[in-house]
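Engineer: What shape does this take:
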Amino acid sequence: LDPVLDSLNILGSMPWIVNKPVLDVIKFIFTTHGDKSLDIPPPMDVLPQLPKYPIDNLTDEERRKVNVERQLMRRRRADAFSLRMDMLYKLSIADMYRDDIFWFPHNMDFRGRTYPVPPHFNHLGSDVTRGMLQFAQGKPLGDTGLDWLKIHLINLTGLQKRESLKSRLKYANTIMADVLDSADNPVTGRKWWKQSDEPWQTLACCMEIAKAERSADSKSFISHFPIHQDGSCNGLQHYAALGRDIEGAKQVNLWPFDTPQDVYTGVATKVEEQRLVDEAKGSAVARTLKGHVKRKVVKQTVMTVVYGVTVYGGRLQIQRQLEDLPSFPQNHLHSASNYLVHAVFTALKQMFGKTREIQDWFTECARLMSKYGYPVMWETPLGLPVVQPYHKRKTTGLRSRMTTSGNDRPHIVLTDESDANEKPDSLKQKNAFPPNYIHSLDSTHMMLTCLYTHRTGAAYVSVHDCFWTHACSVNVMNKICREQFVALHTQPLLKDLSDFMVDRFEDAPPLLFTKGKQQVSKEQLMDCIKGSPSVGEFDLKKVLDSSYFFS
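Structural biologist: I've put the predicted structure just below:
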């Protein structure tokens, strides 16, 4: 476990400071009027007040409407107050440490995913929190640092997503007047930064670029700003690499292209092609969806299908997206979302055939293991043992003079779903295994990148599949990130997993739990875990040349 613990120590040893200019702008907006578009909750006195009860006599129906309106308003005010106090707490912490250096000790969950221990103020937080943080140790920008600052600025805005890195840099240079105005006059200027997807990080980046541009020598300018490199639908990247899936690899930028590929647009395109076919056949729901099959509508479902979202869950996700489209007829939400979720799953199966085979194998292995009486267990390539903690619910009632009623029923009931003495919960075990295994792989890739980047002396922190470093060391981190992904997946991971499960159950006793309608024989279980899916012919070394694998 030494590599796992070393990576935790490296992540926790990164010193941070508060970005005071950004903090001061946030405090100004917070103490004046707030701004929902910037995720700054407004003061309570600007919110609508509770409607007063009319003095005149009301009918029962009128009284009911007034009560409902007051209840809804009371709930909105309570939610707004909660958000306001949460922001106040974060700003209080930032203000307390505005002149200090501080650290975020890290912990990890049972899959190996890492998290900062301080819960309220850390770099895993919202755009507001991230905008207030920067590295305590600064480094000169060097030859490429200023270019990476500008590319990162455009990445933060959400503009130019389908353009090349060169095009993004060129675009950044054409809007330097807006960038400098944002840095100099964030509250009173043209406020270009407010149009960004991540406005506070964008403002912080504008300020850093302005200081670098105005320095005597930008290459020698000491930058504290963290640059992010984000995986392209990272869960599907791991599945495509596991299955050596050529078509899937192209969709998620494992294959080198001159411009980034967008899997969400690819899925939306395939769904639209199917919609056109169905419309030509006379499908009413396909006709209703004309002009509404957009990237945004399918994105969340595509993103989460790799982590085990069901057809039902995917339908609800799509329905929420359709609700936000003002031109979509709301009386067709259910039928349209049901049509789209099946079309999305079909498109993903066509584009990521090996992914579906692997997911199905994971699910069936987990189902049989849990029916056999064992929780799912595996070991990551770094040696971290993972055991899924999903067991049948155990309830315990607490009785005392303070917690019982006249009929002696307990008023407090404790539930525990992680008691290893209880039988594994088959449904949760099988649904959780595919996403948990992929999470354990992405945490392994993160830890390997962390360890090897640290050896070079470059800074490194991560937010799961988003890796951060100084502008001057982005190229170094990118090279290591790709090398370690290839090294990880060059190992026969599916065969190793199969061998691990075979060794575990080879000498296993008969069924631990004999009660129940569905029993599983040891022969069934062994046949399943030995039958790992075959893989395709994708050459992993192509990842080394892919500019948009992490970008």
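Engineer: Which parts of the stretch 201-350 of the chain are helices?
Structural biologist: 234-242, 246-251, 263-280, 284-288, 295-305, 311-323, 333-351 (DSSP state H, counting those that start in this stretch).
Engineer: Where does the closest residue to residue 154 other than its chain neighbours sit: helix, strand or coil?
Structural biologist: Nearest non-adjacent residue to residue 154, counting by Cβ to Cβ, 6 or more residues apart in numbering: residue 168, 4.3 Å away. Bear in mind the C-beta positions are built from the backbone N, C-alpha and C, glycine included. Secondary structure, DSSP: H, G, I helix; E, B strand; the rest coil: residue 168 is helix.
Engineer: My understanding was that residue 168 contacts residue 160; is that so?
Structural biologist: Yes. At 4.8 Å, residue 168 counts as touching residue 160 under the criterion of Cβ atoms under 8 Å.
Engineer: Between these two, tell me which one has more neighbours.
Structural biologist: Per other Cβ atoms under 10 Å, whichever of residue 168 and residue 160 has more neighbours is residue 168, with 22 against 18.
Engineer: can you tell me how far the more buried one sits from residue 148?
Structural biologist: 11 Å (Cβ to Cβ, to the nearest Å).
Engineer: Next, give phi and psi for residue 394.
Structural biologist: Phi and psi for residue 394, reported as degrees, to the nearest 10, are phi -110, psi 130.
Engineer: quick one on the thing from earlier: if I pick the residue nearest to residue 154, what's in contact with it?
Structural biologist: Residue 168 makes contacts with 150, 151, 154, 155, 160, as judged by Cβ atoms under 8 Å, 6 or more residues apart in numbering.
Engineer: Which stretches in this protein count as strands?
Structural biologist: Secondary structure of the chain (DSSP state E): strands at 15-18, 102-103, 106-108, 114-116, 133-135, 139-140, 222-223, 226-230, 377-379, 385-387, 394-398, 412-416, 461-463, 466-470.
Engineer: quick one: low-confidence parts of the stretch 51-200 of the chain?
Structural biologist: By pLDDT under 70, the low-scoring segments of the stretch 51-200 of the chain are 51-56.
Engineer: The stretch 351-500 of the chain too?
Structural biologist: For the stretch 351-500 of the chain, the stretches flagged by pLDDT under 70 are 397-411, 417-418.
Engineer: does residue 40 really touch residue 86, like I thought?
Structural biologist: No. Using Cβ under 8 Å, residue 40 is not in contact with residue 86, being 11.3 Å away.
Engineer: what about those two, which has more around it?
Structural biologist: Legend: neighbour count by other Cβ under 10 Å for residue 40 and residue 86, higher for residue 40 (23 against 13).
Engineer: partner residues bridging the more buried one?
Structural biologist: Listed by DSSP bridges, the beta-bridge partners for residue 40 are residue 35.
Engineer: Quick check: pLDDT value at it.
Structural biologist: Residue 40 carries a pLDDT value of 94.
Engineer: in stretch 217-236, what's buried?
Structural biologist: Neighbour counts over stretch 217-236 (16 or more other Cβ atoms under 10 Å) mark 218, 221, 223-229, 231-236 as buried.
Engineer: Can you give me every residue that contacts residue 488?
Structural biologist: With Cβ under 8 Å, 6+ apart, residue 488 has these contacts: 381, 441, 444, 445, 448.
Engineer: List the backbone torsions phi and psi for the first one.
Structural biologist: When read as degrees, to the nearest 10, the backbone of residue 381 gives phi -60, psi -20.
Engineer: Please name the nearest non-neighbouring residue to it.
Structural biologist: Residue 381's closest residue in space is residue 444 (Cβ to Cβ, 6+ apart), at 5.3 Å.
Engineer: Surely that neighbour and residue 380 touch.
Structural biologist: Yes. Residue 444 is within contact range of residue 380, at 5.0 Å (criterion: Cβ under 8 Å).
Engineer: more crowded one of the two?
Structural biologist: Set side by side, residue 444 and residue 380 show more neighbours around residue 444, with 25 against 20, by other Cβ under 10 Å.
Engineer: Can you give me the distance of the more buried one to residue 383?
Structural biologist: As judged by Cβ to Cβ, residue 444 and residue 383 stand 10 Å apart.
Engineer: How about residue 273?
Structural biologist: For residue 273, the distance to residue 383 - Cβ to Cβ - is 46 Å.
Engineer: Now do the buried residues in the longest helix seen in the chain.
Structural biologist: For the chain, the longest helix by residue count, based on DSSP state H, is helix 60-96. For helix 60-96, the buried set under the neighbour-count rule, 16+ other Cβ under 10 Å, comprises 80, 83, 84, 87, 90, 91, 93, 94.
Engineer: Noted, bye for now.
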